[in-house]
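*Asks:* here is a sequence together with a model predicted from it:
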Amino acid sequence: MTTTPTAYIGQAVADLRWLTTVPHTIDHCVKLRAQQIAAERTRWAYGASPTEMVEDIIDSAWGTGQHADPTGDGFGRRHDDDAHETMASIRHAADLVRSSAIDAHHHAARLLEVEPRAPHPSHGLMATLNEAEVMLIVLRDRIIPNDPDDPDVRSSAITVLADNPHMMWLLRSAVGETASWLRATCEAAFNAASGPERDAVPGRKPDECRLCGSWRKGTVAVSRGRCEQCTAFQDHHKCKPTEAIVRRWEATGTSSTPPGMILEAKAHGRKRARSVG
Ligand SMILES: [Zn+2]
């Protein structure tokens, strides 16, 4: 289990670096996510081109989209509350990581009586995450003394930070958990787009999910023939959802699945594997 301040910083830096590295930069993942949402929306007639739809979904969280109109009648706002929420959450998380990294940096500098680095203003998602990463690296490698000839000074400084609850909350929760959520969200969009359905574009009739398509209508295969919900379920539980699970998702309008049903699905998968082999 991660417990030291430097381990939290190391994990957050790794997550932020993933999000700022080609081919899965946050900007690219946001675009993929918007495309996936647009592809799912082809069930409704928008009278908009796929490109316009993707742009509108991305813009919807920024409040600067050219489609934004005071009557609230823009097509991007008619059905896309989920899309808006997803984009707004990503944007919000990026801002939160940056401001929390700056807070953590300054809080540590005060505790250790070291001059902090002044944060740079940053515009755009990439710059926002880059700035968060720099603040954390400078915190880890300079605010915490880092003289190889004097390791005791470093370890006692780390103890000072570890003993401060607010410091640890900033690193574990405000910085760490937010960066980790951001990475998981973007990684899911990136992975969903790397399958054979990568070239699926809005406008083409979407394929139904091969796992749950016979149990409900309107599913869209986004990753290896599976809908987003089945993909998430299978990735997480390493088994296919059963009919009962899919019916429950439909009935409750959520992705929640009781543990007992997951155990049944796993057992079902093992039984099927035995009967095949
Ligand atoms: Zn499915």
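*Replies:* Looks like it arrived, so ask away.
*Asks:* tell me which parts of the protein are close to the ion?
*Replies:* Contact residues, the chain versus the ion (C-beta under 5 Å from the ion): 209, 211-212, 227, 230. Using the backbone N, CA and C atoms, a C-beta is placed for each residue, glycine as well.
*Asks:* for the stretch 101-250 of the chain, what spans make up the strands?
*Replies:* In order along the chain, the stretch 101-250 of the chain carries no strands (DSSP state E, counting those that start in this stretch).
*Asks:* low-confidence ranges in it?
*Replies:* Counting by pLDDT under 70, the stretch 101-250 of the chain shows low-confidence ranges at 194-206.
*Asks:* find the closest residue to the ion in the stretch 1-150 of the chain.
*Replies:* Using C-beta to the ion, the closest approach of the stretch 1-150 of the chain to the ion is made by E40 at 11.9 Å.
*Asks:* and that residue, which helix or strand is it part of?
*Replies:* helix 26-40 (DSSP states H and E).
*Asks:* which other helices and strands does that helix contact?
*Replies:* helix 50-60, helix 81-112, helix 125-138, helix 178-193 (3 or more C-beta pairs under 8 Å, 6 or more residues apart in numbering; DSSP states H and E).
*Asks:* centre of the chain to that helix, how far?
*Replies:* Between the centre of helix 26-40 and the centre of its chain there are 12 Å (C-alpha atoms, centre = their mean, to the nearest Å).
*Asks:* and it, what's buried?
*Replies:* 26-40 (16 or more other C-beta atoms under 10 Å).
*Asks:* circling back to that earlier point, need the max-distance pair from the residues of the chain next to the ion.
*Replies:* Of all pairs drawn from the residues of the chain next to the ion, the one with the largest separation by C-beta to C-beta is L211 and C227; the distance is 7.4 Å.
*Asks:* these two - which one has more neighbours?
*Replies:* When L211 is set against C227 and neighbours are counted by other C-beta atoms under 10 Å, the residue ahead is C227, at 26 against 22.
*Asks:* what sits against the more buried one?
*Replies:* For C227, the contacting residues are 209, 211-213, 219-221, taking C-beta atoms under 8 Å, 6 or more residues apart in numbering as the criterion.
*Asks:* among those residues, who's most crowded?
*Replies:* For the contacts of C227, neighbours were counted using other C-beta under 10 Å, and C209 has the most, 25 neighbours in all.
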